[in-house]
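In: generate a structure from the sequence data that follows.
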Amino acid sequence: MSDLLEQVEKTIGARGLLRRGQPVLVAVSGGVDSMVLLQLLHKLSRKNSWRLTVAYLNHGLRGRSSDADERLVVRAAGKLRLPVVVERADVKQMSRDQKISVEMAARKIRHEFLARTAKRLKIRTIALAHHADDQVELFFLRLFRGSGGEGLAGMKWRNPSPADSKLQLVRPLLDQPKAALKTFAEENKIPFREDASNASSDILRNRIRQELLPLLRRNYQPAVDRTISRVMEIAGAEAELVGQLAAGWPGDAPGPIGPFAKFPVAIQRRRLHAQLLNQQVAPSFELVETLRTRPGHWVKVSPELAVSQEGDGRLLGQASRPVVTPNPAVCELNLARDQRGLVFDAVEFVWRVAARRNRQVPRSLAGQEHFDADKIGSQITLRHWRAGDRFQPCGMNSPVKLQDLFVNAKIPRDERQTLIVAATEAGEVFWVERLRIAERFKLTGATKHCLQWHWKRF
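Out: Below you'll find the predicted structure:
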């Protein structure tokens, strides 16, 4: 028995991920991780009497490559004499219909497909191929987003499916590095296909994998993967404790405990955090703090919903309200000093400042603009629209109220609070999501340095 096979078998048993004789739906994409997981579970299935079914979802995002992935998975299942379920989905259409990123749409469709398939086949456990490298990358993604302890804890060995809480997701490879999976694939001649998007530097996760982690291993901590895994374990255990305490903490009735404002801050935050999740609202730190410290104030959290903390810790939601507090999230960054990419309130930003070598004005593309970097300066602020903001779009003679521009652009009132603006250190707005760039900061014949500005909403 190979070392990897033995380690995975011990992990499954020690953590109680799979019971003897149970049916398991194995999610397979055609990549090395899931193809190795399939082979490992198949090798162990005879000994443990597991009944495996393979599930593959063709997202249709990569054309012929997606079709080739599908053929590979079907062939692999056939060779192992395992049943296989294949479905196709139009992820891009769902992304447009629901106004969410392609990545979010793909994840949602995939979980719904796996849950639907598992329920139809009367299978309660779905095996996923996430591994240790995924955990470390996820840690930094969530760190950059300002996640709390629960988010920094990363993925769990076992947790309910987001599409159906009655189904369990298990991750038998979560402590295995990707290098071990690749070695196993090579030694056992397991075919797999690489996703070309994994090499794109436009994706933040890829830059963490290709640039940040090698830098940390080389110059700061060779064992950074093990260190981060330990931090995630500690953060997860402490977050779980705070969650249990918050759930069982006495109410705000007078007495030795006191009112909500007297609760430990961690308990206040966790109670609000849990209530926001229950209302399908992303609980950013800024939002939680605004609700916690400003009882009675309404905050717009989506085009359809405003929420308020009424002083006793209970969160109230309302479909609409005439006066709401603007989204308080703010991000200050230095274009020259900070990393060249970040995620702010569900939007990923990537930028680059370079000397301008020709005088041609680059063609505007979706999710991309170009500015005079010297006029903007290095220090900027990302935030949401505020009442009274003024902006001078390219081609206009003077600044006007952003609210008037939104009206002219026919942007619904409820969507305006979610839009992000970028302002200089002096407070002058140079970019507004869904509008033209600012006149004063456009490229001209005198421009010496160009700011390439990319954004993508999740």
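In: tell me where the stretch 301-450 of the chain has helices.
Out: Ranges of helices in the stretch 301-450 of the chain, per DSSP state H, counting those that start in this stretch, are 373-376, 402-408, 413-416.
In: quick one: list the elements packing against the first one.
Out: Contacts of helix 373-376 with other secondary structure elements, assessed using 3 or more C-beta pairs under 8 Å, 6 or more residues apart in numbering; DSSP states H and E, are made with strand 449-457. For glycine as for every other residue, the C-beta is placed from the backbone atoms N, C-alpha and C.
In: distance between the ends of stretch 155-168?
Out: Start and end residues of stretch 155-168 are separated by 13 Å (C-alpha to C-alpha, to the nearest Å).
In: show me where the stretch 51-200 of the chain has strands.
Out: 51-58, 84-88, 125-127, 158-161, 164-170 (DSSP state E, counting those that start in this stretch).
In: contacts only, for the closest residue to R436 other than its chain neighbours.
Out: Spatially, and ignoring its direct neighbours in sequence, R436 is nearest to P393 (4.1 Å; C-beta to C-beta, 6 or more residues apart in numbering). By C-beta atoms under 8 Å, 6 or more residues apart in numbering, the contact list for P393 reads 405, 435-439.
In: follow-up on the earlier one: any chance of TSV for the helices of the stretch 301-450 of the chain, columns distance to L25 and mean pLDDT?
Out: Output for the helices of the stretch 301-450 of the chain, formatted as TSV (distance: least, C-beta to C-beta, whole Å; pLDDT from 0 to 100):
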stretch	distance to L25	mean pLDDT
helix 373-376	51	92
helix 402-408	46	86
helix 413-416	38	74
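In: quick one: which of those is nearest A127?
Out: helix 413-416 (39.4 Å; C-beta to C-beta).
In: so which elements touch that closest one?
Out: Short answer (3+ C-beta pairs under 8 Å, 6+ apart): helix 413-416 packs on helix 402-408.
In: name the residues that touch the helix it packs on?
Out: Taking C-beta under 8 Å, 6+ apart as the rule, helix 402-408 contacts 385, 387, 389-391, 393, 413, 416, 421, 429, 432, 435.
In: now distance to A132 too, for those, in a markdown table please.
Out: Converted to a markdown table, these look like this (distance: C-beta to C-beta, whole Å):
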| residue | distance to A132 |
| --- | --- |
| W385 | 41 |
| A387 | 47 |
| D389 | 45 |
| R390 | 50 |
| F391 | 46 |
| P393 | 48 |
| R413 | 46 |
| R416 | 42 |
| V421 | 39 |
| V429 | 43 |
| V432 | 41 |
| L435 | 43 |
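In: which of those residues count as buried?
Out: Buried members of these, scored by 16 or more other C-beta atoms under 10 Å, are 385, 389, 391, 393, 416, 421, 429, 432, 435.
In: among those, which two are most distant?
Out: Top of the distance list for the buried ones among the contacts of helix 402-408 (C-beta to C-beta): P393 and R416, 15.6 Å.
In: end to end, how far does stretch 431-451 reach?
Out: Its start and end residues considered, stretch 431-451 measures 12 Å (C-alpha to C-alpha).
In: list the buried residues in it.
Out: Under 16+ other C-beta under 10 Å, the buried positions of stretch 431-451 are 431-432, 435-439, 441-443, 447, 450-451.
In: can you check stretch 183-198 too?
Out: Buried residues in stretch 183-198 (16+ other C-beta under 10 Å): 184-185, 190, 192-193.
In: which secondary structure elements does the longest helix seen in the chain contact?
Out: What stands out as the longest helix in the chain, according to DSSP state H, is helix 224-248. Here helix 224-248 touches helix 132-144, helix 149-152, helix 213-219, helix 265-278, going by 3+ C-beta pairs under 8 Å, 6+ apart.
In: what separates the second one from the chain centre, distance-wise?
Out: Spelled out, that is helix 149-152. 13 Å (C-alpha atoms, centre = their mean, to the nearest Å).
In: who's in contact with Q176?
Out: Taking C-beta under 8 Å, 6+ apart as the test, what Q176 contacts is 4, 7-8, 131-132.
In: how much space separates it from V170?
Out: Relative to V170, Q176 is positioned 14 Å away (C-beta to C-beta, to the nearest Å).
In: which residues do those two both contact?
Out: Going by C-beta under 8 Å, 6+ apart, no residue sits against Q176 while also sitting against V170.
In: can you give me the domain boundaries for the protein?
Out: Under the assignment automatic domain parsing, the domains of the chain span 3-195, 260-326, 330-457.
In: can you give me the mean pLDDT across the second one?
Out: When pLDDT is averaged over domain 260-326, the result is 78.
In: over to the longest one?
Out: Domain 3-195 shows a mean pLDDT of 90 in the predicted model.
In: mind saving the C-alpha coords of stretch 210-225 as CSV?
Out: Extracted C-alpha coordinates of stretch 210-225, given in CSV (Å, rounded to 0.1, in the frame of the first residue of the first chain):
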residue,chain,number,x,y,z
GLN,A,210,2.6,31.6,-7.9
GLU,A,211,4.1,34.7,-6.3
LEU,A,212,3.3,35.2,-2.6
LEU,A,213,3.7,31.7,-1.2
PRO,A,214,7.1,31.1,-3.0
LEU,A,215,8.3,34.5,-1.7
LEU,A,216,7.3,33.6,1.9
ARG,A,217,8.9,30.2,1.7
ARG,A,218,12.1,31.6,0.2
ASN,A,219,12.6,34.7,2.3
TYR,A,220,10.6,34.4,5.5
GLN,A,221,9.4,31.0,6.6
PRO,A,222,10.2,27.8,4.7
ALA,A,223,7.5,25.9,6.7
VAL,A,224,4.9,28.6,6.0
ASP,A,225,2.4,26.0,4.9
